[in-house]
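Colleague: Fold the following for me, if possible:
(2 chains)
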Amino acid sequence: MNTRWLRSPEAAVAVVLVLAGLLIGAANPAFWGWGNLFGLLRSASVSGIMALGVLVVLIAGGIDVSFPAFAAAAMYLSVRAVADWGWPGSVGFMFLLAAGIGLLLGMVNALFVHSVRLVPLIVTLGTGAVVRGFLLGVVGTSVVNVGRMPPDAVAFGRLALVGWEANEGRVQLSVVVLVWAAAALGVHLLLRLTVMGRGLYALGGDAEAAKRVGFDVRGLTYLAYGLAGALAGVAGMLHACVAWQASPREFIGLELDVLAAVVLGGASIFGGRGSVPGTVLGVLLLVLVNNSLILLGVPTTWQRVVVGAILVGAAGVTAMRERGRRPAASITAGA
Amino acid sequence: MHRADSGEVVLAGTAHGAMTPREAIAAGVQVIYQDFSLFPNLTVAENLAAGQDLGSRRWLLNRGRARRAVAEASARLGVTLDPDAEVGSLPVAGRQLVAIARALLADVRLLVMDEPTTALTHQEVARLFQLVAGMQARGIAVLFVSHKMREMLAVADSLTVLRNGRVVAEGPMAEFDEARITRAMTGHEPGSVRHAWTPPPAGTPPRLELRGLTVPGEVADVSFSLMPGEVVGVAGLLGSGRTELALALFGMRPGYAGQILLDGRPVELRSVADAVAAGIAYVPEDRLTEGLFPARTIDENLLAASLDRQGGPTGWLDAAAGQRAAAGAIHDMAIATPSGDRAVSELSGGNQQRVVIGRWLLTRARVLLLNGPTVGVDVGSKAGIHRTLRELARDQGLAVLMVSDDGPELAENCSRVLLVHRGRLAGALEGDALTDSGITDRLRALT
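Modeller: Numbers count the residues shown, from 1 in each chain, chains lettered A, B, ... in the order given. Okay, here's the model as predicted:
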């Protein structure tokens, strides 16, 4: 059992992540400082939560590129509701509202994918564009900046799990990491321990077989896309709490980074494969790469080149891995 | 899976109208499909547990339960199933066993089996029939959908024959024999044939000759020759290396050792392109996933291997030439279709198999390798395909190597049958000794 894990994509990403860390740490010892590590975790959290949603949809055999728009919409609408339209301003309520908006939007995706039987890529491209356009055109383009941000949200974003004073200033582990960890644990348990989670893998493995075995394909589709939408909403709200502003133009282009991270973590574009540990590692690795590029002074356009190359490369490795699965002698004609 | 337009199904005295799969399963119906409907990305244990978990309406998975399911299934079937093996990596026969195991583990009252033994060899089939008998003893009804008459005669209590969607014969098994069944299925008399092969003039080099062919782990030191016009069979048990032998001849084992000669000249078959260029053709075990492009048209499937002949000097495809070639193949192979423009997935199994064979004939192949050429094909089409293969061998001097598990098929069509065991040649049968029971006896003696 152990050797099998070593050959898994998750193990490969873990190894690369450790190696990258060692390399960067060798070049710049400050890398291993708590302040830097906590900072990396914090910057990974928002896309990390979105990545969990994308993972679930990929496992189920679909794909979702609408989540940045849904995240922005959920975040912006929730913040505007409290800041400008007088809705109750508790953090819990805002997160619930954002998750709810994301969930509803995700279920629209599921409707088109399942009942209308459209190709998921096309559906989510379309819904993402519609939501983004609606947000900018109808709701408005005014950015809610720190002055107008609901104070509860700002306070939440400042929360730290642990913190101490160090030479360079205050070092603390932000609460966003806890939200990511909780979401990751939840999705992990769903995928590993529940029949529904197994159903998602089954659906991605062979949709027709899933139907025949009796899985509720409609329910699973709504679960996958709805969960992705809800997680995007939570991620968006989290970002607003930490950035202390809510802009309807947020997250544009993020689908590339998140998708690259999920595929890097071992999820298959074809469906039926992937795991939460892998996705978490993939997100961390991608954040690490992006961070290093920034520190090296590489312009943002080249960062896109690198991330795009990682996406294609990682997807290529997954595809080769799938093709390389040859019939093994795991049945021995019996006693 | 297909909702009925009218009529009803009465299960254990309860009438049901159109049912969903879940309703059918809840009523105790389990179906083992021809394509198995397994999840290739999940392990054996996960596949076996899937049906059970859904049936029991549980929320949480239980790994222990899944592993116990595998152990139970292994015991019942008499094979050793590796619970952690990914089903997608199993060969066809292995996947079929998992599919059967999954259905057996459910709380089944009516088990429908659609061509369950196509990829199973004699031992597994015997074991399966023991299981069926055991299930019958426990009051489970079994519906066996099959083309293998010998099996039906051996295991069934009663028979219903369908043709073109209608019931044409039914009754207790005792009232049927092979001839009556064949007549009901095809509407005409069965032919009893033996392939007559006249050896070519002395001194003709063998069309295909193997000297010490070895593929590490699969085939060991195999030597034989195939003359033009000969139809030679290859028989062996599960895992004997019979498929790997054919694959090696088709360039799919580039690491092979030993010599392969075509018409006396040595050739290197390190890729499929090498094999096709040398004039070797291979009709695979599983036409749906290895042979055809299901969404494409019949013409496109027929022309797929010979597109290089369809191009002019500029490289553009000559559509008219292609159409002519495809139409010719449809006619020569007697493919029953009003037009070549239909999707190949709409054809019956027998016609689909003819498309695969026809495709290779358009490449002017000189050696035809067949693996299970009439798997899942009904009796009438089977006879037709056999007739076509024998004619091709006789009239075009094609050398045919037929790997098959179907004893009567080998006995009727081959002048010689080679036996393969653990990757080696373990004997041959020809002449009067070449009968279905002869093959079965010799194979059983090998274990």
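Colleague: what does the host helix or strand of B:N301 rub up against?
Modeller: Assigned by DSSP states H and E, B:N301 falls within helix B:298-303. If you take Cβ atoms under 8 Å, 6 or more residues apart in numbering or on different chains as the criterion, helix B:298-303 is touched by B:292-293, B:310, B:322-323, B:325-326, B:329-330, B:335, B:337, B:339-344, B:347, B:355-356, B:358-359, B:362. No exception for glycine: its C-beta is placed from N, CA and C like everyone else's.
Colleague: Just the buried subset of the residues you listed, written out for ChimeraX, thanks.
Modeller: To isolate the buried ones among those in ChimeraX, judged by 16 or more other Cβ atoms under 10 Å in any protein chain shown, type:
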select /B:292,310,322,325,326,329,330,335,337,340,344,347,355,356,358,359,362
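Colleague: Which parts of the stretch 201-335 of chain A are strands?
Modeller: According to DSSP state E, counting those that start in this stretch, the stretch 201-335 of chain A carries its strands in the segments A:331-332.
Colleague: just to revisit the earlier point, if you look at the contacts of helix B:298-303, which of them are in strands?
Modeller: Counting by DSSP state E, the contacts of helix B:298-303 place none of their members in strands.
Colleague: State the number of residues packed around A:Q172.
Modeller: By other Cβ atoms under 10 Å in any protein chain shown, 20 other residues sit near A:Q172.
Colleague: wait, what's in contact with B:I330?
Modeller: Residues in contact with B:I330 (Cβ under 8 Å, 6+ apart) are B:I298, B:L302, B:T337, B:G340, B:G358.
Colleague: Mind pulling up the pLDDT for the first one?
Modeller: Note for B:I298: predicted pLDDT of 92.
Colleague: With A:V79 instead?
Modeller: At A:V79, the predicted lDDT confidence score is 91.
Colleague: Show the backbone phi and psi for the most centrally placed residue in chain B.
Modeller: The centroid of chain B falls nearest to B:V375 when counting by Cα atoms, centre = their mean (3.1 Å). Per-residue torsions, B:V375: phi -70, psi 130 (degrees, to the nearest 10).
Colleague: Find the helix or strand that the residue nearest the centre of chain A is a member of.
Modeller: Nearest residue to the geometric centre of chain A (Cα atoms, centre = their mean): A:A51, 1.4 Å. In the assignment (DSSP H and E), A:A51 maps to helix A:34-59.
Colleague: now the angle between helix A:34-59 and the helix or strand following that helix, please.
Modeller: Next in sequence after helix A:34-59, counting helices and strands by DSSP H and E, comes helix A:67-83. Going by axes from the mean of the first three to the mean of the last three Cα atoms, to 10 degrees, helix A:67-83 is angled at 110 degrees with respect to helix A:34-59.
Colleague: and helix A:67-83, what does it pack onto?
Modeller: helix A:34-59, helix A:91-114, helix A:120-134, helix A:217-243, helix A:254-264 (3 or more Cβ pairs under 8 Å, 6 or more residues apart in numbering or on different chains; DSSP states H and E).
Colleague: for the ones you listed, which one sits closest to chain B?
Modeller: helix A:34-59 (9.3 Å; Cβ to the nearest Cβ).
Colleague: buried stuff in the closest one?
Modeller: A:36, A:38-59.
Colleague: swap in stretch A:147-164?
Modeller: Under the neighbour-count criterion of 16+ other Cβ under 10 Å, stretch A:147-164 has A:M149, A:P150, A:D152, A:A153, A:V154, A:F156, A:G157 buried.
Colleague: CA atoms of the helix holding B:N301 as PDB?
Modeller: Provided in PDB are the C-alpha atoms of helix B:298-303 (Å, rounded to 0.1, in the frame of the first residue of the first chain):
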ATOM      1  CA  ILE B 298     -19.200   3.600 -41.200                       C
ATOM      2  CA  ASP B 299     -17.200   5.000 -44.100                       C
ATOM      3  CA  GLU B 300     -14.900   6.900 -41.800                       C
ATOM      4  CA  ASN B 301     -14.300   3.800 -39.800                       C
ATOM      5  CA  LEU B 302     -13.700   1.700 -42.900                       C
ATOM      6  CA  LEU B 303     -11.200   4.100 -44.300                       C
END
